[in-house]
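Enquirer: The sequence and its predicted three-dimensional model are supplied below.
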Amino acid sequence: MRRPRFGSVIAAVAVATAGVIPLFAAPAAAVNACGAPGGIFPMTPGAQAGWKIDCTTNAGTKVDNIIVSDSGNGYWQRGAARKVTATTTAASANITLAVASSITAADLRRPVSGGCIAGGAYVKAIVSTTVITLSKVSGATGCGAGTSVTIEYTSARVLQDATCTAAGVVTSTNGIFTAADAGKSVSGGPFSAGARIQAAPAPTATTVTVKLAAGAAANTVACTAPETLTIGGAVYSPTTGSTVIWNSDPMGVHLQNSTANGQAFTCAGSVLTPSAVNTTPRMGTIVASSYIKLPVVILVGATTTVRSIISNTATAFTLNAACPAGVTATVGTAAIGQPGANAPRDGNSMASLAAAISLNPALVSTSDDCAKNTYEGFQVVGTWKTPMNAAGTLVNYTTAAVVGAPVAVSTGQILFPTSVVSFAAYIRPQRTGGLAPVVPAGSHFEFVFPSLPTTLAVCLTAGSPTNATALAFGLAPTTLSTTPAVPTGAGNSGSPGVHAIGPQTGATSGRYQLKNAAVVVATGALPTCTIVAATVTPAFTCGDG
């Protein structure tokens, strides 16, 4: 089998077309579908999990974009955070903010990291407009004035002083539990997958009662301080423990106005309004008070403007200063929220794209004649990009030389770079609606390839080739690590990786669409996997993801 350089394939395709580039075309013996042997692996409740999708198309059928809906219990990195400047002091739980009133009551229970702050610390108390108390004392090194401190926009947190009884009563001096914690998962100590905080009896500031997953064996042992428990890695129904609950924490969001994919937002005066056409089906109620103080970066042309959210209505955010000029229905990009402390690092590998295709020697001279029915192929690696860079000064998606405009609303970009041209996939939140004819139940995320420059070079000669054309893309549960490493327990404990499976049990399946422009070529269900109950040894046989 010959394997021409991917760059030569892309170059040939780029010369051959100036418009949208079809994904691939396959022989008549193939099927327009995505399905087996792809899948999710492992299907363990609450575990990080890889995901693989395998697709083929018929001869003469052109496909220029793919949409894949994850199952309702698929969780993707959210990573919304903001940075403040503070003075940290060794062996002290207090930090002093450089700017008064740069923290609000909404920041209670939110994880905090940076400088000498100990891993797993979160906001325990607000002492004054300039001083906050953390759940842990700071270390001995890295302290001082001018420390950049990251505040995560979640109440998921790590307790490192917990005790618990066999009846499931958890006590933590630093717990600061509220009724809003009902349904949050509890892991660590004697608690098995599916354990969550009950709605009743009502929690106190230091005590909650934990309910086990349906069918799980009762705890037979207690735990003694200092037990480490993670609260809120996922959210359950407090009563059933199996209903998928959409995580309502703010997420990092990329809003892109374009001719190709529509208008995502308007910005006039000092008011930024996400467009209803995108927020209603795609994001649900993105506009909420929980987004207040998150940074906003607006890009018009080559000019970036940095703002922050100071208030909201039911449909719009008010910024701390005027919007830049030039935002139109087709021009302008806005990013909301910096990446959290343990969000995937930008540029880290976490995906792969591989194809087995029969290339036309008229465009790729090193390929065999179409009649020989031989495969050529390639494989490229995708890297993670967050909507905003870690410094909060730039919109962070790569757009230069990328084929196709970003989708209107997304929470992450996966970039596939080559020496000639780059292309990208996007993670799109979808609260309601979805792919016809069957919509995944409830809220979910979509993996979207708006355009793939891989195949005007495919043989389309009648009857040749007779072998199928195939494409497979796989997504890793975490990125390949690079330094600096993330301290254990630091950052947003609710989303430590790229992709994870929620704690719910039962059958789960995503869906796909293969499209040529707006025309749906094929749609259907991905392989169904069953998440086993907590009392059963997990079976790692669902899919080859």
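Expert: Sure, I can see it.
Enquirer: mind pulling up the phi and psi values for Lys372?
Expert: phi -80, psi -10 (degrees, to the nearest 10).
Enquirer: Please read the previous query as pertaining to Tyr291.
Expert: Dihedral pair for Tyr291: phi -90, psi -10, per degrees, to the nearest 10.
Enquirer: what's around the closest residue to it other than its chain neighbours, how many residues?
Expert: Leaving aside its chain neighbours, Tyr291 sits nearest to Pro250 (4.9 Å; criterion: CB to CB, 6 or more residues apart in numbering). C-beta here means a position set from N, CA and C on the backbone, and glycine is covered the same way. Look at Pro250: counted by other CB atoms under 10 Å, it has 24 neighbours.
Enquirer: where does Pro250 fall, phi/psi-wise?
Expert: phi -60, psi 150.
Enquirer: Stretch 385-397: end-to-end distance?
Expert: 6 Å (CA to CA, to the nearest Å).
Enquirer: contacts for it?
Expert: Residues outside stretch 385-397 that contact it (CB atoms under 8 Å, 6 or more residues apart in numbering): 79, 82-83, 252-254, 295, 297, 299, 304, 306, 333-339, 343-344, 346-347, 398, 406, 410-415, 424.
Enquirer: Filter those residues down to the buried ones.
Expert: Buried by 16 or more other CB atoms under 10 Å: 79, 82-83, 252-254, 295, 297, 299, 306, 333-339, 343-344, 346, 398, 406, 410-415, 424, out of those.
Enquirer: Of these, which belong to strands?
Expert: Judged by DSSP state E, the buried ones among the contacts of stretch 385-397 include 82-83, 253-254, 295, 297, 299, 306, 333-336, 410, 412-415, 424 as members of strands.
Enquirer: what's the single longest strand in this protein?
Expert: Assigned via DSSP E, the chain shows its longest strand as strand 223-235.
Enquirer: Thr259 touches Thr330, doesn't it?
Expert: Yes: contact criterion CB atoms under 8 Å: Thr259 and Thr330 qualify, at 4.8 Å.
Enquirer: More neighbours: which of the two?
Expert: Thr330 (13 against 10).
Enquirer: How about the secondary structure of Ala86?
Expert: Under DSSP: H, G, I helix; E, B strand; the rest coil, the three-state class of Ala86 is strand.
Enquirer: For the closest residue to Thr399 other than its chain neighbours, which residues are in contact?
Expert: Counting by CB to CB, 6+ apart, Pro406 is the residue found nearest to Thr399 once chain neighbours are left out, at 6.9 Å. Applying CB under 8 Å, 6+ apart, we find Pro406 in contact with 254, 256, 258, 261, 397, 399, 413, 424, 426, 450.
Enquirer: which one of these is nearest Val498?
Expert: Gln413 (12.2 Å; CB to CB).
Enquirer: So for the closest one, what's the pLDDT?
Expert: Looking at Gln413, its pLDDT is 94.
Enquirer: which ones are touching Asp369?
Expert: Residues counted as contacts of Asp369 (CB under 8 Å, 6+ apart) are Pro361.
Enquirer: I'd like to know how far it sits from Tyr236.
Expert: Distance of Asp369 to Tyr236, given as CB to CB, to the nearest Å: 58 Å.
Enquirer: Just name whatever secondary elements the longest strand of the chain is in contact with.
Expert: strand 157-164, strand 184-187 (3 or more CB pairs under 8 Å, 6 or more residues apart in numbering; DSSP states H and E).
Enquirer: And the next helix or strand past the last one?
Expert: Scanning forward in sequence from strand 184-187 by DSSP states H and E, the next helix or strand is strand 196-197.
Enquirer: what's next to that next one, contact-wise?
Expert: Contacts for strand 196-197 (CB under 8 Å, 6+ apart): 177, 181-186, 203, 208-211, 231, 235-236, 238, 241, 503.
Enquirer: now with 7 Å?
Expert: 181-186, 203, 208, 210-211, 236, 238, 241 (CB atoms under 7 Å, 6 or more residues apart in numbering).
Enquirer: Any chance of JSON lines for those residues, columns neighbour count, distance to Ala195 and pLDDT?
Expert: Output for the contacts of strand 196-197, formatted as JSON lines (neighbours: other CB atoms under 10 Å; distance: CB to CB, whole Å; pLDDT from 0 to 100):
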{"residue": "Asp181", "neighbour count": "24", "distance to Ala195": "13", "pLDDT": "92"}
{"residue": "Ala182", "neighbour count": "21", "distance to Ala195": "13", "pLDDT": "91"}
{"residue": "Gly183", "neighbour count": "20", "distance to Ala195": "11", "pLDDT": "88"}
{"residue": "Lys184", "neighbour count": "24", "distance to Ala195": "10", "pLDDT": "90"}
{"residue": "Ser185", "neighbour count": "26", "distance to Ala195": "7", "pLDDT": "86"}
{"residue": "Val186", "neighbour count": "27", "distance to Ala195": "5", "pLDDT": "88"}
{"residue": "Pro203", "neighbour count": "21", "distance to Ala195": "15", "pLDDT": "92"}
{"residue": "Val208", "neighbour count": "26", "distance to Ala195": "11", "pLDDT": "94"}
{"residue": "Val210", "neighbour count": "23", "distance to Ala195": "5", "pLDDT": "91"}
{"residue": "Lys211", "neighbour count": "22", "distance to Ala195": "7", "pLDDT": "85"}
{"residue": "Tyr236", "neighbour count": "25", "distance to Ala195": "9", "pLDDT": "80"}
{"residue": "Pro238", "neighbour count": "18", "distance to Ala195": "11", "pLDDT": "77"}
{"residue": "Gly241", "neighbour count": "22", "distance to Ala195": "8", "pLDDT": "64"}
